[in-house]
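predicted model and sequence follow; I will ask about them next.
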Amino acid sequence: MRLNYRVLWIEDSTDWAESIQESISEIVESFGLFASFTILPAESDKQEYNGYNLILMDLGLAEGRQGDALIEQIRSLNVFTDIIFYSASGVEEVKNKGRELNLEGVYYADRSNVLFLRKVKDVINASLQSFQDLVNLRGLVMAEVSELDSKMDSIIEGFFVGEDRMAEFHKHVTADREKSTKRYLEGDCDRSCKHKWRNSDMPAILKTVDSNNRAHAVNVVITHLKSAGVSFTEFDEVSFYTQYDRDIIKMRNNLAHCVEAVEADGKPVLKTRGGDVSFTEADIVEIRKKILFYNNVFDRIVESLR
């Protein structure tokens, strides 16, 4: 998942790390990302240091090399991920260690919770600026929406099995597709025209569906699960389809037709060519949060169908 912000944490007091892990997760989520952690009490010969967005390193490790020597080793492997180097002895202690070894790309922090979390937030914010360019963000969002499509395909293929379920699919999804298609046809097609999906199996159908069709189908699945007692209270007032169409489908369609522009205050935005819809960096962060929300919804559906 591209919205995954990966943190490697080397800290021998794993109880302390786990006690503030949720606070760091909340910081990451405030940027519209999902945090995943690898927490180790000491260096490991099997550990790969590449592939992380941030490394948190304690100075005083109970076993193996101390934090400063381990950072030096990581840098010798040409791994240049941002590192927050901290100690219960205070920030000056780790700064002195860093100067002694001429460590590069390292941020220094106190181990006290408030100061440590403030430094984590500042470093994450700084690191994200490298890909906060709106055009890059648009590409990231579009790729994530494609992954949502793939998750919906898996749900649909797993649910609509057998004649009864396929009949339900045709009643709600195929019929809607037929209705929308007929609006663009001339002549009397009401009685004689049927969509080829009615004579196809689900794997073949999924090759030609669009996001709108997928959302209709998943709406049927959620309705079925709710009738069976599974809680999806977020869709009690407004249906899944209506929310997903608003939050993801329309957003993705608008974003796909945007061009870069600069507002009067000098801030960059993405605008549709007609200028009626625009996206700022703050908007993109909110979109990422919505993508995480629907990823969670789809995971819950999969779990409920097992």
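In hand now; what should we look at?

helices or strands up against the one helix or strand residue 223 maps to?
Using DSSP states H and E, residue 223 maps to helix 211-227. Here helix 211-227 touches helix 134-159, helix 163-169, helix 175-182, helix 240-244, helix 281-305, going by 3 or more C-beta pairs under 8 Å, 6 or more residues apart in numbering; DSSP states H and E. Using the backbone N, CA and C atoms, a C-beta is placed for each residue, glycine as well.

can I get it as PDB, trimmed to CA atoms?
Only the C-alpha atoms of helix 211-227 are listed here, as PDB (Å, rounded to 0.1, in the frame of the first residue of the first chain):
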ATOM      1  CA  SER A 211     -15.700   2.000 -10.600                       C
ATOM      2  CA  ASN A 212     -19.400   3.000 -10.600                       C
ATOM      3  CA  ASN A 213     -20.500  -0.600 -11.300                       C
ATOM      4  CA  ARG A 214     -18.100  -1.900  -8.600                       C
ATOM      5  CA  ALA A 215     -19.500   0.500  -6.000                       C
ATOM      6  CA  HIS A 216     -23.100  -0.500  -6.800                       C
ATOM      7  CA  ALA A 217     -22.100  -4.200  -6.400                       C
ATOM      8  CA  VAL A 218     -20.300  -3.600  -3.100                       C
ATOM      9  CA  ASN A 219     -23.300  -1.600  -1.900                       C
ATOM     10  CA  VAL A 220     -25.300  -4.800  -2.400                       C
ATOM     11  CA  VAL A 221     -22.800  -6.800  -0.400                       C
ATOM     12  CA  ILE A 222     -22.900  -4.300   2.500                       C
ATOM     13  CA  THR A 223     -26.700  -4.300   2.500                       C
ATOM     14  CA  HIS A 224     -26.600  -8.100   2.700                       C
ATOM     15  CA  LEU A 225     -24.100  -8.000   5.600                       C
ATOM     16  CA  LYS A 226     -26.200  -5.400   7.500                       C
ATOM     17  CA  SER A 227     -29.300  -7.500   7.100                       C
END
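
and the angle from that helix to helix 175-182?
160 degrees (axes from the mean of the first three to the mean of the last three C-alpha atoms, to 10 degrees).

residues touching residue 211, list them.
Each residue near residue 211 by C-beta atoms under 8 Å, 6 or more residues apart in numbering is listed here: 145, 149, 152, 248, 249, 252.

now do the same for it: its pLDDT.
We have a pLDDT of 93 for residue 211.

one more: residue 245?
95.

how many neighbouring residues does it have?
Around residue 245 there are 17 other residues, counting by other C-beta atoms under 10 Å.

can you check residue 47 too?
12.

which phi and psi does it have?
The phi and psi values for residue 47, taken as degrees, to the nearest 10, are phi -80, psi 130.

pretty sure it sits against residue 40.
Yes - counting by C-beta atoms under 8 Å, residue 47 touches residue 40, with 6.6 Å between them.

among the contacts of residue 211, which pair sits farthest apart?
152 and 252 (13.3 Å; C-beta to C-beta).

return the alpha-carbon coordinates of stretch 276-288 using CSV.
Coordinates of each C-alpha in stretch 276-288 appear next as CSV, following Å, rounded to 0.1, in the frame of the first residue of the first chain:
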residue,chain,number,x,y,z
ASP,A,276,-14.8,24.9,-11.3
VAL,A,277,-12.9,22.4,-9.1
SER,A,278,-9.5,22.9,-7.4
PHE,A,279,-7.4,20.8,-5.1
THR,A,280,-4.8,22.1,-2.6
GLU,A,281,-2.3,20.2,-0.6
ALA,A,282,-4.7,20.1,2.3
ASP,A,283,-7.4,18.7,0.0
ILE,A,284,-5.0,15.9,-1.0
VAL,A,285,-4.3,15.0,2.6
GLU,A,286,-8.1,14.7,3.2
ILE,A,287,-8.4,12.5,0.1
ARG,A,288,-5.7,10.2,1.4
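
just the buried residues of that stretch, please?
In terms of neighbour count (16 or more other C-beta atoms under 10 Å), stretch 276-288 has its buried residues at 277, 279, 281, 283, 284, 285, 287, 288.

ok, residues contacting stretch 148-156?
Taking C-beta under 8 Å, 6+ apart as the rule, stretch 148-156 contacts 169, 202, 206, 211, 214-215, 217-218, 221, 248, 291, 294-295, 298, 301-302, 305.

give me the buried subset of those residues.
Buried among the contacts of stretch 148-156 (16+ other C-beta under 10 Å): 169, 202, 206, 211, 214-215, 217-218, 221, 248, 291, 294-295, 298, 301.
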